[in-house]
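Trainee: Build me a structure from this.
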Amino acid sequence: MHYLIFILALLALLTAAKFFTKSAEVIGTYFGLPTFVIGVFIVGIGTSLPELIAGIIAVKNQSSEILSGNIIGANISNILLITGLAVVVNRKNIVLNSGYLYIDLHFLIGSFLCFYIIAYDGNIGMIESFFGMLMFIVYSICLIKGETATTVDQQARTKMAFPSFSWLILAISAVGIYFGANYTIASLETIALSFSIPKSIIALTLLSLGTTLPELAVNISAIKQGKAEMAIGNVLGSSIFNTLVIPAAASFFGLIIVPDNLIKFSLPVMAACGLLFYLLAQDKKISIWEGLMFICLYGLFIFKTATE
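Mentor: Presented below is the predicted three-dimensional model:
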């Protein structure tokens, strides 16, 4: 029964996040936000909502190790599994020509370093996580100031009806995200207790894989539209948001605990994944063979985590 509740709650959480993101895109377009801003701040944040809400609820329920496990697992899944699958689905090399590539790469390494520093002692407090939020604000300003895309044509905007239905969907999906995350965390705690498995390990594997499904869905859709580069940008933006914003938001509700098993193995793996991605992206392309290597590394990570 608890497995069924977990699956249904996770599906509800992901479905609500999808509707939230779509309706937010429509509202952003109505108000004339540039396409790039919509992509980074609405789509990127929208696909990370499951991690954010689930993390806040976990901290409020005094199960903060679920949050730390989910952040680390989601970042490893984003970089290795989601990127690897994106290249394989694309069936050819992904060329990275965006002028924002190095901004994202530098902030990816910086965000991972920030999280490593604040998590290494086994707990994350509100004050130290606030530095991560400051970094995300700097990252956001950097992207917005460099935005060269034009806003929606004013004449086209005047023809758009006020998106009242989108506001309604936005409100309903926000409620769905909350309850979906609530039941997901509750069932996860029960499953971990029944098998005597640490909650952080379940969050590191099962939950993190589930909450990265929105990124996977968005990336496959982008690839089918011939926008493979956007898929990689979504991975980078989502990882940066996960690492900098989620700990800062969740720490308002309590101290975040990072268990020793995450510090000794999973945290260094996350840092190594960020460095590996940074080095491989220097030639501004990701080959199919590199994508397959990412998938193999993710499989090895899951195997080692499951057999420890």
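
Trainee: Would you confirm that residue 237 contacts residue 105?
Mentor: No - taking contacts as Cβ atoms under 8 Å, residue 237 lies outside contact range of residue 105: 11.6 Å. Yep, even glycine has a C-beta here, placed from its N, CA and C like the rest.

Trainee: Compare the two and say which is more crowded by neighbours.
Mentor: residue 237 (26 against 18; other Cβ atoms under 10 Å).

Trainee: Quick check: the more buried one vs residue 211, distance?
Mentor: 15 Å (Cβ to Cβ, to the nearest Å).

Trainee: How about residue 254?
Mentor: Going from residue 254 to residue 211 by Cβ to Cβ gives 20 Å.

Trainee: Who has more neighbours out of those two?
Mentor: Each of residue 254 and residue 211 has its neighbours counted (other Cβ under 10 Å); residue 211 has more, 31 against 17.

Trainee: That one and residue 166: what is the separation?
Mentor: From residue 211 over to residue 166 the distance is 24 Å, taken as Cβ to Cβ.

Trainee: now swap in residue 96 and tell me
Mentor: Distance, residue 96 to residue 166, by Cβ to Cβ: 32 Å.

Trainee: again, but for residue 278
Mentor: To residue 166, residue 278 is 37 Å away according to Cβ to Cβ.

Trainee: the more surrounded of the two?
Mentor: Between residue 278 and residue 166, residue 166 has the larger neighbour count (other Cβ under 10 Å), namely 19 against 15.

Trainee: The stretch 51-200 of the chain: strands as residue ranges?
Mentor: Here the stretch 51-200 of the chain has its strands, by DSSP state E, counting those that start in this stretch, at 94-95, 123-124.

Trainee: List the contacts of the last one.
Mentor: What that stands for is strand 123-124. Contacts with strand 123-124, where a contact means Cβ atoms under 8 Å, 6 or more residues apart in numbering, come from 68, 118, 247, 251, 255-258.

Trainee: Paired strands for it, with orientation please.
Mentor: strand 256-257 (antiparallel) (DSSP bridges).

Trainee: so after the partner strand, what's the next helix or strand?
Mentor: helix 260-261 (DSSP states H and E).

Trainee: residues touching residue 87, list them.
Mentor: Contacts of residue 87 (Cβ under 8 Å, 6+ apart): 93-94, 286-288, 290-292, 294.

Trainee: For PyMOL, write a command that selects the buried ones of the residues you listed.
Mentor: Here is the PyMOL command that selects the buried residues among those (16 or more other Cβ atoms under 10 Å):
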select buried, resi 94+286+290+291+294
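
Trainee: Which strands or helices does the longest helix along the chain pack on?
Mentor: Longest helix of the chain, by residue count under DSSP state H: helix 164-194. Applying 3 or more Cβ pairs under 8 Å, 6 or more residues apart in numbering; DSSP states H and E, one finds that helix 164-194 contacts helix 2-30, helix 49-60, helix 65-76, helix 199-202.

Trainee: Determine which of those helices approaches residue 179 most closely.
Mentor: Nearest to residue 179, of all these, is helix 2-30, at 7.2 Å by Cβ to Cβ.

Trainee: thinking again about what came up before, could you single out the most deeply buried of the strands of the stretch 51-200 of the chain?
Mentor: strand 123-124 (a mean of 20; mean count of other Cβ atoms under 10 Å).

Trainee: Next, the contact list for residue 265, please.
Mentor: 304-305, 308.

Trainee: What of residue 49?
Mentor: Taking Cβ under 8 Å, 6+ apart, we find residue 49 in contact with 17, 20-21, 177, 214.

Trainee: Swap in 7 Å and give it another go.
Mentor: Residues counted as contacts of residue 49 (Cβ atoms under 7 Å, 6 or more residues apart in numbering) are 17, 20, 177.

Trainee: how far away is the nearest residue to the last one once chain neighbours are set aside from residue 48?
Mentor: Looking back up the chat, that one is residue 177. In space, and not counting its chain neighbours, residue 177 is closest to residue 16: 4.5 Å by Cβ to Cβ, 6 or more residues apart in numbering. To residue 48, residue 16 is 14 Å away according to Cβ to Cβ.
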